[in-house]
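S.K.: Build me a model from this:
(one chain, ligands or ions: 1)
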Amino acid sequence: MKALLHNKNYYSLILSIIFLLSCAPEQNIEQDNVDIQPISSVEKLIEHSKEFEKTIISHETPGGKIHIAIGFGIANSIMVEGDNGNIIIDASDSVYEAAQIYTNFKKLNPNPVKAIIYTHNHGDHTFGAAYYLSVQEEKPKIIAHETTDFYMQRILGIINPIISTRSTRMFGTALPEEDVINVGIGKSLNVSKSPFGYLKPDTTFSDELKLQISGINIELYHAPGETNDQLFVWLPDHKSLMPGDNIYKTFPNLYTIRGTTHRDVMGWVNSLDKMLSLNPEYIFPSHTKPIIGNDISSTLTLYRDAIQFVHDQTVRLMNEGYYPDQIIEMIELPNSIQESPFLSEFYGTVRWSVKSIFNGYLGWFNGNPAELDPLPRKKEAQMLAELVGGEEKLLFALKNAVNSNEMQWALELSDKLLALEYKLEEVKSLRYQALTYIGIRSSNPNKRNYFLTSALELNSGFDTFPIAERTEEGVREISIDTIFSILSVRLDPDKVFNKNLIVCFNFSSGLSKTILLRNQVAAISNNYSGMCDISITTSELNLKLALSGLLNPVLAIASGDIELLPSIFIKVFRISPALSIIP
Ligand SMILES: [Zn+2]
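M.R.: Model prediction:
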């Protein structure tokens, strides 16, 4: 489907790659550069794909059998056999992948699934859960940290549009399959293959939780790291540890380029120390292969030291007054860490981590007065064009940069020319070449996919990325509070200039919510008791369905499913069945 949707883009990408690798005279310099560094770096990435070859690995541990499904979705799914039921740790990235995995697991042990444990909120660990409702009568317990649903609602809610776009770039989900080597921690992301099947956790905890399910003794520990809600599973009888995403066979993603809140890197180190203290004999990570026996202690130690090294050196140099762009040039991992196969930069990188750590402690201002209120993008471009003798000279410099393979410089110059809106088609075509050149040579799949997808977006035929299918089941799991927070950030301030309006919602559940439009802000109240300009009576589900485009608001009013959803409301929040609120 993806390849079909983007056939045109795909062929132009291929053409561009052929063009870049062709032996036209101006490409000779590039031919010299191609041979050594770039190709070998991509070869290593191709080699790294072996980590995700589709397989089920089974281990007979002291406490019983544990099976791990690798290479189905982006994340692994793990099944632990109990007496008369089994538990699943991480439900994979889609209902489609969960079905593929469970078909295999069931052959190994057909007992029902008694519980699903989410190691954290990310979709590649949670979106397959709903599959298990369809294959057995009893609903499995859904166990997670107490904040997992909060983080999930945020991803489903106000930042969903931008997180979806940036994730599509980073995971390369809009690229033709053959262009994605891997995504660093898995083969590819398949969330678009089927509707998302996240189920809200029904059993949660704060610091630790010990429980027994089907005779399996389970200890869960809150372990902030790759996410704040991360947990690890310790099965003392099995001497087995499931670390979630706090360790996998690549440099850790201390920052993710799809966008994230600050990740607590020293919390991550502490979580790894806690894992070390348990002396596990088996580690079943949620990405890449299990780590067994003697390798465990040295691997965990090296991994936590790598994180602490980057943290400590960033803070040391930060305190000396260096800016992030200077620090990234000054930090180099010690050889002992750099040479570890566990720490190749196939997912996170040291450079992105440094900036994130700086930002985590000091925020976005790097401390340089020149960068507190820099010139607006366009003004800066105008000044630069003036300096070099005009826009045409700037374009000439861009062409030169492309011809001499100074592609990062080419990207930066193309930024200026785009800001000036100068000869846009020509500039875009040069920018396309720069993005593709860097992308196909990048050994970091996040960067590679981001650049190649950004190149696709420059094509004139490009519209928007395909959106994963919405379903009633999926929409049900979005909380009503999330819906109202989405409405607030969808307010078009121009439509409510000098307007005060009070819109009251009375839900059949007994809940009422009010949106008070004032000062071009939509303030949400749970206990408003004054007069309403507009009252809307409906069920929570019908409102969610209408706002997600699954129920046409006009038809819903006609059929009585929603009483009165006035046109002003639809306009103000830019609602239409085609352009729905919930992506
Ligand atoms: Zn993951």
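
S.K.: which residues touch the closest residue to residue 347 other than its chain neighbours?
M.R.: Nearest non-adjacent residue to residue 347, counting by CB to CB, 6 or more residues apart in numbering: residue 184, 3.7 Å away. From N, CA and C alone the C-beta is placed, and that goes for glycine too. By CB atoms under 8 Å, 6 or more residues apart in numbering, the contact set of residue 184 is 48, 250, 346, 347, 444, 445, 446.

S.K.: Mind checking which of the residues you listed are buried?
M.R.: When these are checked for burial by 16 or more other CB atoms under 10 Å, the buried set is 48, 250, 346, 347, 444, 445, 446.

S.K.: quick one: which two of those are the most distant?
M.R.: Distance extremes for the buried ones among the contacts of residue 184: the farthest pair is 48 and 446 at 12.8 Å, using CB to CB.

S.K.: could you give the mean pLDDT of the lengthiest helix in the chain?
M.R.: The helix spanning the most residues in the chain, taking DSSP state H as the definition, is helix 295-319. Mean pLDDT, helix 295-319: 97.

S.K.: Show me what that helix is in contact with.
M.R.: Outside helix 295-319, the residues within contact range by CB under 8 Å, 6+ apart are 247, 251-252, 254, 265-266, 268-269, 272-273, 275-276, 279-281, 283, 291, 326-327, 330-331, 333-334, 336-337, 340, 342-343, 350, 353-354, 357-358, 361-362.

S.K.: List the buried residues for it?
M.R.: 296, 299-300, 303-311, 313-314, 317-318.

S.K.: nearest residue to the residue in the stretch 351-500 of the chain that the ion sits nearest to other than its sequence neighbours?
M.R.: Nearest residue of the stretch 351-500 of the chain to the ion, counting by CB to the ion: residue 446, 12.9 Å away. Sequence neighbours aside, residue 170 is the residue nearest to residue 446 in space, at 5.0 Å (criterion: CB to CB, 6+ apart).

S.K.: what is residue 503 paired to in the beta sheet?
M.R.: Judged by DSSP bridges, the bridge partners of residue 503 are residue 515, residue 534.

S.K.: Next, the contact list for it, please.
M.R.: Residue 503 neighbours (CB under 8 Å, 6+ apart): 514, 515, 517, 532, 533, 534, 535, 536, 569.

S.K.: Might you list the low-confidence residue ranges for the protein?
M.R.: 1-41, 190-195, 467-469, 551-583 (pLDDT under 70).

S.K.: okay, now the domains of it?
M.R.: Domain ranges of the chain: 1-35+375-467, 52-292, 472-572, per automatic domain parsing.

S.K.: quick one, which of the ones you listed is packed in tightest?
M.R.: Highest mean neighbour count of those: domain 52-292, a mean of 21 (counted as mean count of other CB atoms under 10 Å).

S.K.: how long is that domain from one end to the other?
M.R.: Distance between the two ends of domain 52-292: 17 Å, counting by CA to CA, to the nearest Å.

S.K.: Spell out whether that domain and the ion are in contact.
M.R.: Yes: with CB under 5 Å from the ion as the criterion, the ion is reached by domain 52-292 at 75, 122, 124, 245.

S.K.: how close does the second one sit to residue 355?
M.R.: Read that as residue 122. 22 Å (CB to CB, to the nearest Å).

S.K.: ok, which stretches of the stretch 151-300 of the chain are helices?
M.R.: Secondary structure of the stretch 151-300 of the chain (DSSP state H, counting those that start in this stretch): helices at 160-171, 265-277, 295-319.

S.K.: Just the angle for the second one relative to helix 295-319, thanks.
M.R.: So that's helix 265-277. Inter-element angle recorded for helix 265-277 and helix 295-319: 160 degrees (by axes from the mean of the first three to the mean of the last three CA atoms, to 10 degrees).

S.K.: which strands and helices sit next to helix 265-277?
M.R.: Under the contact criterion of 3 or more CB pairs under 8 Å, 6 or more residues apart in numbering; DSSP states H and E, helix 265-277 touches strand 231-235, helix 295-319, helix 350-362.

S.K.: now the domains of the chain in JSON lines, with distance to residue 42?
M.R.: Below are the domains of the chain laid out as JSON lines (distance: least, CB to CB, whole Å):
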{"stretch": "domain 1-35+375-467", "distance to residue 42": "6"}
{"stretch": "domain 52-292", "distance to residue 42": "7"}
{"stretch": "domain 472-572", "distance to residue 42": "37"}
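
S.K.: Check which residues of whatever helix or strand comes next after the longest helix of the chain are buried.
M.R.: Toward the C-terminus, helix 295-319 is succeeded by helix 324-330 as the next helix or strand (DSSP states H and E). Buried positions in helix 324-330, judged by neighbour count with 16+ other CB under 10 Å: 324, 327, 328.

S.K.: and the ion, which of those contact it?
M.R.: Of the buried residues of helix 324-330, not one also sits near the ion (CB under 5 Å from the ion).

S.K.: Pipe the helices and strands packed on helix 265-277 into JSON lines and attach distance to residue 465 per row.
M.R.: As requested, the helices and strands packed on helix 265-277 are arranged in JSON lines below (distance: least, CB to CB, whole Å):
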{"stretch": "strand 231-235", "distance to residue 465": "31"}
{"stretch": "helix 295-319", "distance to residue 465": "32"}
{"stretch": "helix 350-362", "distance to residue 465": "23"}
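
S.K.: Report the inter-axis angle for the longest helix of the chain versus helix 350-362.
M.R.: Put simply, helix 295-319 runs at 60 degrees to helix 350-362, going by the same axes, to 10 degrees.

S.K.: which residue sits closest to whichever residue of the stretch 201-350 of the chain sits closest to the ion in space, ignoring its chain neighbours?
M.R.: Closest approach between the stretch 201-350 of the chain and the ion, counting by CB to the ion: residue 245, at 4.5 Å. In space, and not counting its chain neighbours, residue 245 is closest to residue 226: 4.0 Å by CB to CB, 6+ apart.

S.K.: my read: that neighbour touches residue 121, true?
M.R.: No: proximity of residue 226 to residue 121 does not meet the contact threshold set by CB atoms under 8 Å, at 10.6 Å.

S.K.: Pull stretch 403-410 out as PDB, backbone CA atoms only.
M.R.: Taking Å, rounded to 0.1, in the frame of the first residue of the first chain, the C-alpha atoms of stretch 403-410 are listed here in PDB:
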ATOM      1  CA  ASN A 403      28.400  19.800  -7.000                       C
ATOM      2  CA  SER A 404      31.200  19.500  -4.500                       C
ATOM      3  CA  ASN A 405      29.200  17.300  -2.100                       C
ATOM      4  CA  GLU A 406      29.100  19.800   0.700                       C
ATOM      5  CA  MET A 407      25.600  18.600   1.300                       C
ATOM      6  CA  GLN A 408      25.000  19.900   4.900                       C
ATOM      7  CA  TRP A 409      26.100  23.300   3.700                       C
ATOM      8  CA  ALA A 410      23.800  22.900   0.700                       C
END
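
S.K.: quick one, what contacts residue 237?
M.R.: Going by CB under 8 Å, 6+ apart, residue 237 touches 62, 63, 64, 216, 217.

S.K.: Show me those that map onto strands.
M.R.: 64, 216, 217 (DSSP state E).

S.K.: Which parts of the stretch 151-300 of the chain are strands?
M.R.: 203-205, 208-213, 216-222, 231-235, 240-242, 282-283, 291-292 (DSSP state E, counting those that start in this stretch).

S.K.: okay if I get the ones you listed as a markdown table plus distance to residue 430?
M.R.: Below are the strands of the stretch 151-300 of the chain laid out as a markdown table (distance: least, CB to CB, whole Å):
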| stretch | distance to residue 430 |
| --- | --- |
| strand 203-205 | 52 |
| strand 208-213 | 56 |
| strand 216-222 | 49 |
| strand 231-235 | 48 |
| strand 240-242 | 48 |
| strand 282-283 | 47 |
| strand 291-292 | 46 |
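
S.K.: Nothing else from me, thank you.
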